[in-house]
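[1] predicted structure and sequence below. I'll ask about it afterward.
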Amino acid sequence: MLSSAPVSTESPSSPESSPERGDFIREIVAADLREGRVQTVVTRFPPEPNGYLHIGHAQAIRLSFGIARENGGRYHLRFDDTNPTKEEQEYIDAIEADIRWLGFDWGEHRYFASDYFEQLFEWAGELITAGKAYVDDLSADEIREHRGTFTEPGRESPWRDRSVDENLDLFEHMRAGGFPDGARVLRAKIDMAAPNINLRDPVLYRIVHAEHPRTGAAWCIYPTYDFAHGQSDAIEGITHSICTLEFEAHRPLYDWLIDNLPVPSRPHQYEFARLNLTHTVMSKRVLLRLVNEGHVRGWDDPRMPTLSGLRRRGLPAEGIRDFVAMVGVAKSAKVVEVEMLEHAVRNVLNRTAARRFAVLDPLKVVIENYPEDQVEEMEVVNNPEDPSAGTRPLPFTRELWIERDDFMEEPARKFFRLAPGREVRLRSAYFVTCREVVKDAAGTIVELRCTYDPDTRGGAAPDGRRPKATLHWLSAAHTVPAEVRLYDYLLRNPYPEADGDPFDDLNPDSETVLRGCLVEPSLADLPVGETVQFERLGYFCPDPDSASGALVFNRTLTLRDTWAKLQAQGRQDTA
Ligand code: ATP
Ligand code: MG
């Protein structure tokens, strides 16, 4: 499972360093500015605080916030908190932390749809007065039955022609708490025969007797997304309200409401295709179920596609930003390979991650001709990609640990690492040759007796001979124990959302916990949030579960870049 492949140094042009790639939304914005329809670009990101943000949201954030930033505009964070039964303060806090971590700061522009409840209520009253909204006594099921289908028109509610006064009176009573949940709704009066189902008298308000995280018990009627969203945009002076394709069919309603209300500005909605990733579900409903059913350690489990999970896994924010830039903005839905995310992250980590030594499955090596009490400080390079990262001293002694799978008693054909009688290089130390294999009563190898060549200090021989393999190692007297958690896809199916219930396909081996691993002493104080490369093994970071004396590391990624390989193959195939 562990990869010993070398780090890919291939680095296709870094998306962050190249100028922003154009896309159809950026073109629209540029034209609006050029032709004077818009003076200052104002965008918003409107999460519903009913779960944690995931990597799809990173794309939406980078797009909306990025466009405002590029054009010297303003961007707002607006919580779409219109459904109190599913929303919680915990989610509000997590969403803010995640956006900041991703590298976007909305400054003073944090808003809540609930800030506008009073204004929205007033506007709903104006729609009633204008004969464009009515209180309906039909139940949710009846409303659904009356709505018709794509091929059949809907039917009008028997309550559709109530008088303005009766409607106003009933709406006031709804607000005052006079009716139980679901007893009545407020609907727009548009057209039950409209080809677009969203225009068939959509619901604007529903009765929900529930405590709201911000407004408490002040309200027992709540606006729907459709009624709150565009009007909130207009109140805030949003110019480009960017959302995902599922809202495309809602746009005529968005425009109808803006046209029929005395709103202070005229926002426009634009839609792009949401980001989908192989082996990943992004629906918050599914993610919540993974958490609630205990399939993962929480919303921030390192296997989750949430920003908090990816952060805990050790992915740098820069890698996520680069990835969503690489994906770009599309008009039609597609599924992106998760390997592409990994590729973008490896590009960043290869450049930035300090190299460290760790042995996950230790095998003892005794250097027979090395003095018993001698300790030598070897100079080890911190990052070959970054000379400014310098070197660090690592103690070398007679008793060492190496990786168990770096030795084979009967080496396979292409196995060049340690074997009886064979010489290998210990990185930045000496060449050693295996002289004897020691086994316990059960036949398990417990120790290798080796000799070293004192003339090869630092890893080069005066006679120019070069072993075929270089291994990492630790001095047995200078290690810190650690638990290491390895991760694999949570869902085995690459297209879990297309093929039925993603829960039928949970990977039982998505987490492997290794105990008895050993790491170099400097890793004892590595702060959470810093990702390093364990040489030859992959990228790793301390887990928040880590404590002094009980270190826990997550494997962020292996070193093997399958996406770069696929791309290279593709280029060869088409060459
Ligand atoms: P659900 O998972 O229940 O569909 P949601 O992810 O749409 O909910 P919101 O909080 O409404 O949750 O999302 C906030 C914004 O993020 C919306 O404007 C939405 O268009 C955008 N968004 C959500 N998922 C993605 C995605 N996979 N790719 C790009 N943008 C997304
Ligand atoms: Mg949504």
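    Okay, I see it. Ligands and ions are numbered 1, 2, ... in the order given.
[2] secondary structure class of the residue nearest to residue 205 when sequence neighbours are not counted, three-state.
    The shortest distance from residue 205 to any residue other than its chain neighbours is 3.9 Å, reached at residue 186 (CB to CB, 6 or more residues apart in numbering). For every residue, glycine as well, the C-beta is placed using N, CA and C. Under DSSP: H, G, I helix; E, B strand; the rest coil, residue 186 falls in the strand class.
[3] quick check: bridge partners of residue 186?
    When bridges are called by DSSP bridges, residue 186 pairs up with residue 135, residue 205.
[4] distance of it from ligand 1?
    Between residue 186 and ligand 1 the distance, using CB to the nearest ligand atom, to the nearest Å, works out to 22 Å.
[5] let's have the chain start at 2 instead
    With the count now opening at 2, the last piece we talked about shows up as residue 187.
[6] quick one: that residue and residue 203 touch, right?
    No: between residue 187 and residue 203 no contact is recorded; they are 10.1 Å apart, counting by CB atoms under 8 Å.
[7] the two: which has the busier surroundings?
    Remark: of residue 187 and residue 203, residue 187 carries more neighbours, 27 against 20, as counted by other CB atoms under 10 Å.
[8] show me the residues around the more buried one that make contact.
    Residue 187 makes contact with 125, 129, 134-137, 172, 175, 204-206, 222, according to CB atoms under 8 Å, 6 or more residues apart in numbering.
[9] equivalent analysis for residue 536, please.
    With the criterion set at CB under 8 Å, 6+ apart, residue 536 makes contact with 356-359, 428, 473.
[10] kindly report the same for residue 80.
    47-50, 93, 96, 112-115.
[11] give me phi/psi at it?
    According to degrees, to the nearest 10, the main-chain angles of residue 80 amount to phi -80, psi 130.
[12] so where does the closest residue to ligand 1 within the chain fall, helix or strand?
    Proximity of the chain to ligand 1 (CB to the nearest ligand atom) peaks at residue 57, 2.2 Å away. Residue 57 is part of helix 56-71, with elements assigned from DSSP states H and E.
[13] convert the C-alpha atoms of that helix to CSV, please.
    Output in CSV follows, covering the C-alpha atoms of helix 56-71 (Å, rounded to 0.1, in the frame of the first residue of the first chain):
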residue,chain,number,x,y,z
ILE,A,56,-14.6,21.2,-1.6
GLY,A,57,-17.5,22.1,-4.0
HIS,A,58,-18.1,25.1,-1.9
ALA,A,59,-14.4,26.1,-2.3
GLN,A,60,-15.1,26.4,-6.0
ALA,A,61,-18.1,28.6,-5.4
ILE,A,62,-16.2,30.8,-2.9
ARG,A,63,-13.2,31.2,-5.1
LEU,A,64,-15.4,32.0,-8.1
SER,A,65,-17.7,34.6,-6.4
PHE,A,66,-15.1,36.1,-4.1
GLY,A,67,-12.4,35.9,-6.8
ILE,A,68,-14.4,37.8,-9.3
ALA,A,69,-15.1,40.6,-6.9
ARG,A,70,-11.5,40.7,-5.8
GLU,A,71,-10.1,40.8,-9.4
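[14] which positions in it come out as buried?
    Residues of helix 56-71 classed as buried by neighbour count (16 or more other CB atoms under 10 Å): 56-70.
[15] and for stretch 288-303?
    Neighbour-count burial for stretch 288-303, counted by 16+ other CB under 10 Å, picks out 288, 291-292, 296-298, 300-303.
[16] what sits against residue 523?
    The contact partners of residue 523, by CB under 8 Å, 6+ apart, come to 357, 393.
[17] who's in contact with residue 281?
    56, 306, 339, 491-492, 497.
[18] so it, which state does it fall into?
    Under the three-state scheme (three-state DSSP), residue 281 adopts coil.
[19] tell me how many other residues crowd residue 83.
    Look at residue 83: counted by other CB under 10 Å, it has 26 neighbours.
[20] helix/strand/coil for it?
    Residue 83 falls in the coil class when you classify it by three-state DSSP.
[21] distance check, it against residue 60.
    Here the distance between residue 83 and residue 60 works out to 23 Å (CB to CB, to the nearest Å).
[22] kindly report the same for residue 341.
    Note on residue 341: its distance to residue 60, by CB to CB, is 13 Å.
[23] one more: residue 33?
    From residue 33 over to residue 60 the distance is 22 Å, taken as CB to CB.
[24] then residue 485?
    Taken as CB to CB, the span from residue 485 to residue 60 is 31 Å.
[25] returning to that earlier point: among the contacts of residue 281, which ones are buried?
    Among the contacts of residue 281, those buried by neighbour count (16+ other CB under 10 Å) are 56, 306, 339, 491-492, 497.
[26] wait, residue 482 touches residue 515, no?
    No: judged on CB under 8 Å, residue 482 makes no contact with residue 515 at a distance of 11.2 Å.
[27] might one say that residue 310 is in contact with residue 291?
    No: counting by CB under 8 Å, residue 310 does not reach residue 291; the two are 10.3 Å apart.
[28] buried sites along the helix or strand in which residue 174 is found?
    Take DSSP H and E as the rule and residue 174 turns out to sit in helix 165-177. Applying a neighbour-count criterion of 16+ other CB under 10 Å, the buried positions in helix 165-177 are 168, 171-172, 175-176.
[29] what do you get for stretch 227-247?
    Counting neighbours by 16+ other CB under 10 Å, the buried set in stretch 227-247 is 227-237, 239-244.
[30] out of those residues, which are close to ligand 1?
    residue 244 (CB under 6 Å from any ligand atom).
[31] so which of the buried residues of stretch 227-247 sit within helices?
    227-237 (DSSP state H).
[32] who in the stretch 152-301 of the chain is up against ligand 1?
    Neighbours of ligand 1 within the stretch 152-301 of the chain, by CB under 6 Å from any ligand atom: 244-245, 275-276, 283-286.
[33] now the buried members of the residues you listed.
    Taking 16+ other CB under 10 Å as the criterion, what is buried in those is 244, 275-276, 283, 285.
[34] from the residues you listed, which land in strands?
    244, 276 (DSSP state E).
[35] now distance to residue 531 and pLDDT too, for the buried ones among the residues of the stretch 152-301 of the chain next to ligand 1, in CSV please.
    Listed next are these as CSV, based on distance: CB to CB, whole Å; pLDDT from 0 to 100:
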residue, distance to residue 531, pLDDT
244, 35, 97
275, 32, 95
276, 27, 96
283, 27, 93
285, 29, 93
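[36] redo the buried ones among the residues of the stretch 152-301 of the chain next to ligand 1 as a markdown table? Include distance to residue 262.
    Putting those into a markdown table (distance: CB to CB, whole Å) gives the following:
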| residue | distance to residue 262 |
| --- | --- |
| 244 | 19 |
| 275 | 28 |
| 276 | 33 |
| 283 | 33 |
| 285 | 30 |
